[in-house]
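> one predicted model, sequence on top.
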Amino acid sequence: MAHWGMYSASAADGEVVDIRPHAGDSSPSPALGNVPGSVKHRSRITGPSVRRGWLENGPGPTDRRGNDDYVAVTWDELTDLLAGELRRVIDRHGNEAIYGGSYGWASAGRFHHAQSQVHRFLNCLGGYTRSVNSYSTGATGVIMPHVVGAHWKMFSRSTSWKVIAAETDLLVAFGGVPAKNTSVNHGGTSDHPTESALDALRARGGEIVSVSPLRDDMHGAATWLAPVPGSDVAVMLGLAYVLAVENLHDTNFLDKYTTGYDTFERYLLGASDGIPKTPEWASAKSGIAAEAIVDLARSMASRRTLITVTWSLQRVKSGEQAPWMGITLASMLGQIGIPGGGFGHGYGSMNEPGLGPVPYPLPTLPQGLNPITAHIPVAAIADMLLGPGTEFDYNGRRMTYPDIKLVHWAGGNPFHHHQDLGRLRRAFGRPDTIVVHDPYWTPMAKHADIVVPSTTSLERNDLSCTRNDPLLVAMQQAVPRYADSRDDYDTFAVVARKMGVADGFTEGRTSGEWIEHLYDQWRGYLRSANVETPEFDEFWRAGSVRMATEEDLTLFADYREDPVSNALRTPSGRIEIFSEVIDGFGYQDCIGHPAWFEPVEWLNGGRAQHFPLHLIANQPRTRLHSQLDHGATSQASKVQGREPIRMHSVAAAARGVTDGDVVRVFNDRGACLAGVVVDDGMLDDVVQLSTGAWYDPLDPADTNSLCKHGNPNVLTPDVGASSLSQGSTGQHVLVQIERYDEALPPITAFDPPTMTVRSVG
């Protein structure tokens, strides 16, 4: 099982040579094509390694990370060095000086989950500074608990695709429903039903409206409204204005199930700021005709309507506003809690929304308790490393960045997730030591001081399942461990022994015994629910076991049925269109109700005079984030070895470029090369360059170097969504493009660094 689907693998000579998707998967992910050839790829880390400068000069800040060679050491030497450095930092600076920076997508397994492993280990040592929220939903994860009392419920208990296909008459999708993103799910998936559900909705006579700058953000036929990127909230406000002034809003629902609508309506009609949010006002912001906004609002009020907002719309400055305004608009329609109507968040962002949840706990490796209270929003890592002791706002609190001396990273690639990579590289020069566990020489591994070669999920046994899929899968080892790599668990067990905490970390179990223990613990949950499951040996032979899932869900149906007994976990117990809590924070960039905040990175602003193209840095079709970028499917999408950038024919012709050319994409933060694909399925001043190409600087010594491979995060601004969430804002950025006429530099992203074999001494 992988995050992008369940499959069987065939192997020969220690390498996976073929894969077969799960027979029950209605639409297998093309990203599975990256698996064959991945075990022995030249980018694999062959053994324990230490950066030469760190080994010779000792721990300390340096500008050599990402631009140094490595020394091969033995496992005993590496674990001695790691244990000694952890002890030095803890004794001299305290556990708060360790940042446990793992970021979660490394393995679909429940036991060999890199983030769980490193956090459990660090908690055995006395804790660490942690991160909260995610790059994917950084703004949503903070705003939604204020508005509806929960974040996770928007995805794990969302209205099911079966209900949408059967009941929805009009699906209005802000950001579309990009089926490419539904390839993936935390912990894997046995089916991908999005496309078939949308087809079924249409076959029944339902209508779909996709509000997105990209035509292909919706699978199949749909009415396409293409707004200026970043103007979705303005469009929603224009729709809400029509509902209000034409008395199409459901005042009974607003009175019974929400609080604060009157305050919001004063803003909507212009009473509080002098600016009525009319369709004409919205049209001037978005480029969508006022008549189209009026017609859509009336259609929404006359039919069973589901409003959805993708995660992409909250990965921008003021990202809290789109989901907040989306649920406000749905509240005005009064259909929340009715099958096929209401609100959804994240459809088309990953595979989880629309799938029924498992009604009992999953097998989970306990991480233990972290006594260290210091934490940061996950997208603030560069701010933290560059500004220890600096105060910052977050969710109503005034906090202070800790002084990090050691970054311990296991799983994940921040050079995919984070913005302004030049700034991130400078930030990674500040700690004394960076430790990275990784199977591959990723950009993060090449910035490490201590490099721990990890196995891939193909080289070990594990359990896999997710909270919205019926199968618990036996992930059975397909090939032997590659070269001198080890499971992270075995590495941590050795270091834990050297630091005197082995009993707490291993509890006396091998990894195989842990897997059986977690399975038996899970069986106990099901027995308490009177559900019989096979013994472990029988399960392992069978390869999977099917669990029950809750079907035919409608988001907030229980709340609509009884808003008193099923009150939301908000101060009012209701949907908070106006939040007194947020209003009390006094933030200028996130007030007490959803509102329009003019973007900086958008085509209607002054910055566009210098950088006149709006780049959308969305998720790739051919891989999960940056995983297996060297795989066959991902590589087949490249243009002259570079990540493809889609350009409208008008924009391409104005710059003298044609399909297949390599261009330089740049702004005042950085530049990258990309290969042109001419595509008129977007606005003519919009371009699209996916994230995830492994960062490949032309000059590794220059933190502002051009990326010759096409990573858009050399361009994106490293600023938080607002003082409330500090969420990631990497979705949108303004750029200029010119044809690259120089000799093309070779791609070296997948090449290992220079290695020297010698002993420590």
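Arrived safely, thanks for sending.

> OK, contacts around Ser212?
The contact partners of Ser212, by CB atoms under 8 Å, 6 or more residues apart in numbering, come to 173-176, 218, 224-227. The C-beta positions use only the backbone N, C-alpha and C, and glycine is treated the same way.

> pLDDT score for it?
Per-residue confidence at Ser212 stands at 98 (pLDDT).

> how about the contacts of Ser212, which pair is most distant?
Maximum pairwise distance among these (CB to CB): 13.9 Å, between Met218 and Pro227.

> neighbour count winner among those two?
Between Met218 and Pro227, Met218 has the larger neighbour count (other CB atoms under 10 Å), namely 24 against 20.

> bridged to that one, which residues?
Beta bridges link Met218 to Val177, judged by DSSP bridges.

> could you check how far it is from Met350?
Distance of Met218 to Met350, given as CB to CB, to the nearest Å: 16 Å.

> now swap in Asn185 and tell me
Taking CB to CB as the measure, Asn185 falls 6 Å from Met350.

> neighbour count: these two, which is higher?
The neighbour comparison of Asn185 against Met350 (other CB under 10 Å) goes to Asn185, with 26 against 22.

> got the contact list for the nearest residue to the more buried one once chain neighbours are set aside?
The spatial neighbour of Asn185 that comes closest, neighbours along the chain excluded (CB to CB, 6 or more residues apart in numbering), is Asn351 at 3.9 Å. Listed by CB under 8 Å, 6+ apart, the contact set of Asn351 reads 182-185, 189, 192, 194, 468.

> how about the residues you listed in CSV, adding pLDDT?
CSV is the format used below for these (pLDDT from 0 to 100):
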residue, pLDDT
Thr182, 84
Ser183, 81
Val184, 81
Asn185, 81
Thr189, 82
His192, 88
Thr194, 94
Asn468, 90
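
> which members of these are positioned in helices?
Among those, the members falling in helices (DSSP state H) are Thr194.

> in TSV, list the contacts of Asn351 along with distance to Gly411.
Output for the contacts of Asn351, formatted as TSV (distance: CB to CB, whole Å):
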residue	distance to Gly411
Thr182	22
Ser183	19
Val184	15
Asn185	17
Thr189	19
His192	24
Thr194	27
Asn468	22
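
> pick the one among the contacts of Asn351 closest to Asp432.
Asp432 lies nearest to Val184 out of these, by CB to CB, at 35.3 Å.

> burial check on that closest one, number of neighbours?
Val184: 26 neighbours (other CB under 10 Å).

> contacting residues around it?
3-4, 29, 31, 350-351, 624.

> how about 6 Å then?
3-4, 350, 624 (CB atoms under 6 Å, 6 or more residues apart in numbering).

> look up how far Leu243 lies from Ile575.
Taken as CB to CB, the span from Ile575 to Leu243 is 16 Å.

> which residues touch Val209?
172, 223.

> for the closest residue to Ala632 other than its chain neighbours, grab the count of nearby residues.
Leaving aside its chain neighbours, Ala632 sits nearest to Gly33 (5.4 Å; criterion: CB to CB, 6+ apart). Per other CB under 10 Å, the neighbour tally for Gly33 reads 19.

> do the same with Thr62
19.

> ok, it - contacts?
Counting by CB under 6 Å, 6+ apart, Thr62 touches Gly429.

> hang on, the earlier thing: identify the farthest-apart pair in the contacts of Asn351.
Ser183 and Asn468 (14.7 Å).

> verify the stated contact: Asp69 with Pro752.
No - applying CB atoms under 6 Å, one finds Asp69 not in contact with Pro752, separated by 10.1 Å.

> look at these two and report which has more neighbours.
Between Asp69 and Pro752, Pro752 has the larger neighbour count (other CB under 10 Å), namely 17 against 13.

> quick one, grab the pLDDT at the more buried one.
98.

> again with Val760
48.

> give me the domain ranges for this structure.
Domains of the chain are assigned by automatic domain parsing as 1-40, 41-128+371-546, 150-355+559-585, 606-739.

> dump these into CSV; add distance to Ser136 as well.
Output for the domains of the chain, formatted as CSV (distance: least, CB to CB, whole Å):
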stretch, distance to Ser136
domain 1-40, 13
domain 41-128+371-546, 9
domain 150-355+559-585, 6
domain 606-739, 8
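
> to Thr748, which of the ones you listed lies closest?
domain 606-739 (6.0 Å).

> centre-most residue in the chain?
Centroid-nearest residue in the chain: Ser136, 3.2 Å away (criterion: CA atoms, centre = their mean).

> contacting residues for that one?
Trp311.

> the strands in the stretch 151-300 of the chain, which residues?
With DSSP state E, counting those that start in this stretch applied, the stretch 151-300 of the chain shows strands at 170-174, 207-211, 223-225, 258-259, listed in chain order.

> quick one on the thing from earlier: which of the contacts of Asn351 has the most neighbours?
Within the contacts of Asn351, most neighbours by other CB under 10 Å means Thr189, with 31 neighbours.

> extract the C-alpha set from the helix or strand of the chain with the lowest mean pLDDT and format it as PDB.
Least confident helix or strand, the chain: helix 153-156 with a mean of 81, by mean pLDDT, DSSP states H and E. Taking C-alpha atoms only, helix 153-156 is exported to PDB below (Å, rounded to 0.1, in the frame of the first residue of the first chain):
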ATOM      1  CA  LYS A 153     -14.800  16.700  10.600                       C
ATOM      2  CA  MET A 154     -14.800  18.700   7.400                       C
ATOM      3  CA  PHE A 155     -12.900  15.800   5.700                       C
ATOM      4  CA  SER A 156     -13.400  12.600   7.700                       C
END
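
> got the phi and psi for Glu580?
phi -60, psi -30 (degrees, to the nearest 10).

> that one: neighbouring residues, count only.
14.

> would you mind measuring from it to Thr194?
38 Å.

> likewise Tyr482?
For Tyr482 relative to Thr194 (CB to CB), the value is 34 Å.

> name the nearest of the contacts of Asn351 relative to Leu421.
Val184 (23.0 Å).

> Ser131 belongs to a helix, doesn't it?
No - with DSSP: H, G, I helix; E, B strand; the rest coil as the criterion, Ser131 is strand rather than part of a helix.

> where does it land on pLDDT?
96.

> how about it, what does it touch?
Here Ser131 is in contact with 376, 378 (criterion: CB under 6 Å, 6+ apart).

> again, only this time at 10 Å
99-103, 375-381, 384 (CB atoms under 10 Å, 6 or more residues apart in numbering).

> list the ones among the residues you listed that fall in helices.
381, 384.

> now the contacts of Ser131 in a markdown table, with neighbour count?
Shown next, in a markdown table, are the contacts of Ser131 (neighbours: other CB atoms under 10 Å):
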| residue | neighbour count |
| --- | --- |
| Tyr99 | 26 |
| Gly100 | 24 |
| Gly101 | 26 |
| Ser102 | 25 |
| Tyr103 | 23 |
| His375 | 19 |
| Ile376 | 24 |
| Pro377 | 27 |
| Val378 | 24 |
| Ala379 | 28 |
| Ala380 | 25 |
| Ile381 | 24 |
| Met384 | 24 |
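
> pLDDT check: weakest of the contacts of Ser131?
Lowest in pLDDT among the contacts of Ser131 is Tyr103, which has 76.

> just to check, that residue is in contact with Val436?
No - with contact defined as CB atoms under 10 Å, Tyr103 does not count as touching Val436 (11.9 Å).

> give the residues shared as contacts by those two.
Here Tyr103 and Val436 share the contacting residues 409-413, 444, scored by CB under 10 Å, 6+ apart.

> most widely separated two among the residues you listed?
Ala410 and Asn413 (11.8 Å).

> list just the nearest of the shared contacts of Tyr103 and Val436 to His119.
The closest of those to His119 turns out to be Ala410 (CB to CB; 8.9 Å).

> tell me the pLDDT of that closest one.
94.

> and it, its phi and psi?
phi -140, psi 110.

> show me the beta-bridge partners of it.
With DSSP bridges as the rule, Ala410 is bridged to His437.

> close enough to count as contact, it and Asp438?
Yes - proximity of Ala410 to Asp438 meets the contact threshold set by CB under 10 Å, at 8.0 Å.

> okay, and the common contacts of those two?
Listed as contacting both Ala410 and Asp438 by CB under 10 Å, 6+ apart are 106, 114, 452, 454, 488.
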